[in-house]
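Asker: got a predicted structure plus its sequence, pasted below:
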There are 2 protein chains.
Amino acid sequence: MTSVTSEPGAAPTRRSADGRRRVIDAALAQFAEYGVEGTSLQMIADAMGVTKAAVYYHFKTKDEIVLAVVRPALEQLRVILADAEAQRGQSARARAFLTGFVRLVVGERELLTLLYDDVAVIRTLRVHWPDFEDFERRIPLVLAAPDAGPGHQVAAAVAITGIVAAAGSPQFTTLSDDELEGHLLDAGLRLLTARRRPGRH
Amino acid sequence: MTSVTSEPGAAPTRRSADGRRRVIDAALAQFAEYGVEGTSLQMIADAMGVTKAAVYYHFKTKDEIVLAVVRPALEQLRVILADAEAQRGQSARARAFLTGFVRLVVGERELLTLLYDDVAVIRTLRVHWPDFEDFERRIPLVLAAPDAGPGHQVAAAVAITGIVAAAGSPQFTTLSDDELEGHLLDAGLRLLTARRRPGRH
DNA sequence: GTCTATATAAAGATAGAC
DNA sequence: GTCTATCTTTATATAGAC
């Protein structure tokens, strides 16, 4: 299972991609349990069975590890968002985003929880990830038209944040991915579906 | 403004309640912005304009500060939960909890976000707050009957976690408390209202 | 690629003066 | 009630041997 380091045609990086992967996997597990600020390089190294210096061979700083951990989720989010925005019609865009987002969340529960709940991750992204604030602007827009009124905006916010948190909850580990995905999608659609409230305004 | 320390009939604590309050307020502000692990005693002291040692006069450990910050929210949650459980009928119980919970969340946005998002807070509570795991069991139960099927459980989880996160979002700071409360309640009700899925798509 | 050893800073926490 | 000063531990990070 070891030493496929730098085969020609494989990973284009100088440092072996496999070494980085092992750090990233160990880091994600620790981050998910203790949070980024609650995880030291020592803890990551211990989880890998190596020393801190070995970890620093692969990444120069802790921030770089955070970025590397979170990068794949953001890349997928970028694609899902762009695809949704390309749809014709507001409700088609919202539905397209929701569908892709739910699939991403179920596939990467720990990662998305980290992305949405960990203030340290969000701070790091705002500083080092150029497109992040873009996402924060565009996601509400793809889910609800700006002129649809605050009720729709609030419902959309409840939907995406609730979906992430519910997917990450230990309560639903017994459900299959497909089942969970179906229920989350259902909940999301209920929130996004425009319905005039009978009693108000 | 100062030195009302230990008036007879006032706070029953030896250390002045006012001094504790100032620590708690400063700590909450820092915790909300940087997370518990990302906040040092030094940062709290700086925010108060005093030294670390002055903070340690009021609280023996950082954990004690965390508990004190979070205590009022948990006390309110305890009452809301007990009142809801006392209602007759599952749907009355769910609605009662949702109503109280939304009001609590809107009134204490920072605090509830901390309670739901910060892994360090949750770990501290699981260790030092006897009733916390009780809450974690009872809240899902008051919102959805255990035999109602996983779809209802998931919807309920989306509702409460989404409500907390949406209320804490900077997106809605322009809304009045009453407006936000109304929209959150509306979103929550949409999720809790039992509806057979009519086989959409 | 991993190690030992170390530099430097900051963390939580305490002692004792005022 | 707040201060200065200090202790101890741990944090991020680097240098250089193997």
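Answerer: Received it, and whenever you're ready, just let me know what you need.

Asker: please make it C-alpha for all contacts and neighbour counts, starting now.
Answerer: Will do.

Asker: what residues does chain A put near chain B?
Answerer: A:33-35, A:37-38, A:117-120, A:150-151, A:154-155, A:157-163, A:165-166, A:172, A:180, A:183-184, A:187, A:190-191 (C-alpha under 8 Å from any C-alpha of the partner chain).

Asker: among those residues, which ones are buried?
Answerer: Neighbour counting with 16 or more other C-alpha atoms under 10 Å in any protein chain shown marks A:33-35, A:37-38, A:117-120, A:150-151, A:154-155, A:157-163, A:165-166, A:172, A:180, A:183-184, A:187, A:190-191 as buried within those.

Asker: inside helices: which ones of those residues?
Answerer: A:33-34, A:117, A:119-120, A:150-151, A:154-155, A:157-163, A:165-166, A:180, A:183-184, A:187, A:190-191 (DSSP state H).

Asker: look up phi and psi at A:Ala144.
Answerer: Per-residue torsions, A:Ala144: phi -150, psi 130 (degrees, to the nearest 10).

Asker: now it: how far from B:Gly188?
Answerer: Distance, A:Ala144 to B:Gly188, by C-alpha to C-alpha, to the nearest Å: 17 Å.

Asker: same question, A:Pro150
Answerer: 15 Å.

Asker: A:Met43 too?
Answerer: With the distance defined as C-alpha to C-alpha, A:Met43 ends up 39 Å from B:Gly188.

Asker: the more surrounded of those two?
Answerer: Legend: neighbour count by other C-alpha atoms under 10 Å in any protein chain shown for A:Met43 and B:Gly188, higher for B:Gly188 (25 against 17).

Asker: state the pLDDT value of A:Arg15.
Answerer: pLDDT for A:Arg15: 71.

Asker: buried ones in the helix or strand hosting A:Arg103?
Answerer: A:Arg103 is located in helix A:90-107, with elements delineated by DSSP states H and E. For helix A:90-107, burial by neighbour count (16+ other C-alpha under 10 Å) applies to A:90-106.

Asker: and the pLDDT for the nearest residue to A:Val158 once chain neighbours are set aside?
Answerer: The spatially closest residue to A:Val158, leaving aside those adjacent along the chain, is B:Gly162, at 4.0 Å (C-alpha to C-alpha, 6 or more residues apart in numbering or on different chains). At B:Gly162, the model reports a pLDDT of 98.

Asker: pull the contacting residues for B:Gly162.
Answerer: B:Gly162 sits next to A:157-163, A:165 when contact means C-alpha atoms under 8 Å, 6 or more residues apart in numbering or on different chains.

Asker: switch the cut-off to 7 Å
Answerer: Residues near B:Gly162 by C-alpha atoms under 7 Å, 6 or more residues apart in numbering or on different chains: A:158-159, A:161-162.

Asker: next one: A:Ala82
Answerer: Contacts for A:Ala82 were tallied using C-alpha under 7 Å, 6+ apart; there are none.

Asker: could you list every residue that touches A:Phe159?
Answerer: Let me fix one detail, which is that residue A:159 is Ala and not Phe. Contacts for A:Ala159 (C-alpha under 7 Å, 6+ apart) come out as A:188, A:191, B:158, B:162.
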